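Novice: Provided below for reference: sequence and predicted model.
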Amino acid sequence: MKKPVDLNSLVSSYKNLPEEAFEGIKNFFNFTISNAEIEQISAFIDNLIVQDRFFGYFYVGYKIPQIDKEFDLLRFGENYILNVEIKSIMQGDAAREQLVKNKYYLSSLGKRLKLFTYISEDDSFYQLGDDETLQPVDFGVFENLLVSQKIEHHSNLDTLFNPSYYLVSPFNDMDKFNKGAYFLTKQQQEFKDKILKNLSQFTIIEGLPGTGKTLLLYDLAKLFNITNDIVIVHAGDLNTGHLKLNQQYKWNIIPAKNVEQIQQLNPQVIFVDETQRMYPRQLADIIKYIKENNIIGIFSIDPKQILSIRERNYNNLNTLCSLNNPKHFKLSKKIRTNKELGAFIKGLFNLEHMKYCSNTNNISIHYFDEINQARGFAEGMENEGWQIIDYTGQNFKGEAIRKMQLNRGLNAHGVLGQEFDKVLVLVGSTFYYDNQNSIAVRKANYYDPERMFYQSVTRARKQIMLLVVNNIEFMTKIINALNNKKHSS
């Protein structure tokens, strides 16, 4: 947990204490900072003529959970928040752009913001104006703000920031997405810059659920759409977000089953989302079109996020990687699912990992003896804002899945690429834990219940609710795992 520090103490500790002792201080206050950065902070505070008592309560290098947005110096007050970014040199518009991003993230706290940049190279100081221009200011401006700030104490900064406020889905937060009221994570932005700097005929964006691959793909599509004719191919049925983008914003998004429409749309860039679910012949047709017309193809893919037994054998990632010199980017940082939910999901799929689930405040589990009770309960939860994600039915040998359906909400196929604050999912009698404590299913189906379950729970941003129906063994094992975790912690 991040603790505030006194800047005089920070600099004094760095300059006077043995290296081992100073490293211990950094660990205690939970921040990482280079020697050069401390030298720059030292140069900054040398410019400030205020009493020593006003150098306290600064947070150094705080990062917002999940999205890893970092601030050099933060000081919280009842009347306003102070933020100073420390830089060695001024590089173009980078300082202003950084403060604009900081304004976006800090504005969620509902306080007035005072945002500054200090440049150590020439000892200059700048403030972001209300019009988002960067203006040089005297250090006296900051001195007055420092003295006048009414300090606000926080035991845990992480509780101030709700990461889901900043996580934008092109489908569920369409207005924000189209207005550009979002920022990419550091890794997403890095990949975007590399993709644009050196365009390849084939680009692969790979990532697990929640890493932001769909947002990056659609962010690139929005950019290319300004100057190029584009097509987005979605490997599944179009959701309401897709349809709105088509109707209101005149995008060209088509389902993979209509891939032949690419010919008449004549795009210069083709984007493919959920490539892992695409029939190999459909993927082959798209690759052939890209090669024959010498255009660009950008594909997002998660090989593990499949929904049917057949899709396990598609190997679409191998097909893309075997092309001539494709650019391959792997998103690794999960941004949608918070750490608490991520740990629970990992434990849900293997009980051995449940010991790492340290907080279950946003997780609930209810047991019902029969499906109609669960359906009635789910109806009430839907009215309270829970997004029900049901199992996709099948006509042939689909009895096991039908017994697990709540018959409301969206199905697993309909939520591809989407995200929701509160997700409710049913666990039926077909699920069990095997000898390795991994989740498994008793009956094979065309649509894979285990993969649909995974798809459903990984859509959650904030809360997960499980309804366990007619499965005493499953309920007993998961409750025991959660209770054992509590006793061992």
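Specialist: Received, thanks. Numbering: from 1, shown residues only.

Novice: Tell me where the stretch 51-200 of the chain has strands.
Specialist: 59-63, 70-76, 81-87, 113-119, 124-128, 134-136 (DSSP state E, counting those that start in this stretch).

Novice: List the neighbouring strands of the third one plus their orientation.
Specialist: Strand 81-87 has its sheet partners listed here by DSSP bridges as strand 70-76 (antiparallel), strand 113-119 (parallel).

Novice: Can I get the strands of the stretch 51-200 of the chain in CSV including mean pLDDT?
Specialist: Shown next, in CSV, are the strands of the stretch 51-200 of the chain (pLDDT from 0 to 100):
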stretch, mean pLDDT
strand 59-63, 93
strand 70-76, 96
strand 81-87, 97
strand 113-119, 98
strand 124-128, 98
strand 134-136, 97
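
Novice: before we move on, back to that, minimum distance to Q149: which of the strands paired with strand 81-87 has it?
Specialist: Of all the strands paired with strand 81-87, it is strand 70-76 that lies closest to Q149, at 6.6 Å by CB to CB. In short, each C-beta sits where N, CA and C put it, glycine included.

Novice: The closest one: which residues count as buried?
Specialist: Residues of strand 70-76 classed as buried by neighbour count (16 or more other CB atoms under 10 Å): F71, D72, L73, L74, R75, F76.

Novice: Let's verify T203: helix, strand, or coil?
Specialist: Put simply, T203 is strand when judged by DSSP: H, G, I helix; E, B strand; the rest coil.

Novice: What is the burial count for it?
Specialist: 23 (other CB atoms under 10 Å).

Novice: roughly how far apart are it and P326?
Specialist: With distances taken as CB to CB, to the nearest Å, T203 is found 7 Å from P326.

Novice: about what we covered before: now, which of the buried residues of strand 70-76 sits nearest E311?
Specialist: F71 (42.5 Å).

Novice: pretty sure the closest one contacts N83?
Specialist: Yes - between F71 and N83 there is a contact under CB atoms under 8 Å: 5.8 Å.

Novice: shared neighbours, these two?
Specialist: Listed as contacting both F71 and N83 by CB atoms under 8 Å, 6 or more residues apart in numbering are N102.

Novice: quick one, domains of this protein?
Specialist: Using automatic domain parsing, the domains assigned to the chain come out as 7-159, 174-331, 339-488.

Novice: Tell me which of the ones you listed lies nearest to L167.
Specialist: Of those, nearest to L167 by CB to CB is domain 339-488, at 6.5 Å.

Novice: Quick one: mean pLDDT over that closest one.
Specialist: If you average the pLDDT over domain 339-488, you get 88.

Novice: can you tell me which residues contact the spatially closest residue to Y104 that is not a sequence neighbour?
Specialist: Spatial nearest neighbour of Y104, chain neighbours left out: F183 (6.4 Å); criterion: CB to CB, 6 or more residues apart in numbering. Contact partners of F183, counting by CB under 8 Å, 6+ apart, are K69, K101, Y104, Y105, Y166, Q189.

Novice: Could you report the pLDDT at the closest residue to E260 other than its chain neighbours?
Specialist: In this structure, E260 finds its nearest non-sequential neighbour in D285, 7.7 Å apart by CB to CB, 6+ apart. If you check D285, the pLDDT there is 97.

Novice: S120 is in contact with M90, correct?
Specialist: No - here M90 lies out of contact with S120, judged by CB under 8 Å, at a distance of 10.3 Å.

Novice: Can you show me the strands along the stretch 351-489 of the chain?
Specialist: 363-368, 387-390, 410-411, 420-427, 431-433, 439-441, 460-469.

Novice: closest to P255 out of those?
Specialist: Judging the strands of the stretch 351-489 of the chain by CB to CB, what sits closest to P255 is strand 410-411, at 15.3 Å.

Novice: Strand partners (parallel or antiparallel) of that closest one?
Specialist: Using DSSP bridges, the strands paired with strand 410-411 are strand 387-390 (parallel).

Novice: just checking, what packs against the lengthiest helix in the chain?
Specialist: If you go by DSSP state H, the chain has its longest helix at helix 472-488. Helix 472-488 sits against helix 339-349, strand 363-368, strand 431-433, strand 460-469, with contacts defined as 3 or more CB pairs under 8 Å, 6 or more residues apart in numbering; DSSP states H and E.

Novice: Most tightly packed of those?
Specialist: Highest mean neighbour count among these (mean count of other CB atoms under 10 Å): strand 460-469, with a mean of 23.

Novice: Tell me which helix or strand V233 sits in.
Specialist: Element membership of V233, judged by DSSP states H and E, is strand 230-234.

Novice: Next SSE downstream of that strand?
Specialist: Note on strand 230-234: by DSSP H and E, the next helix or strand toward the C-terminus is helix 240-249.

Novice: Quick check: mean pLDDT of that next one?
Specialist: 92.
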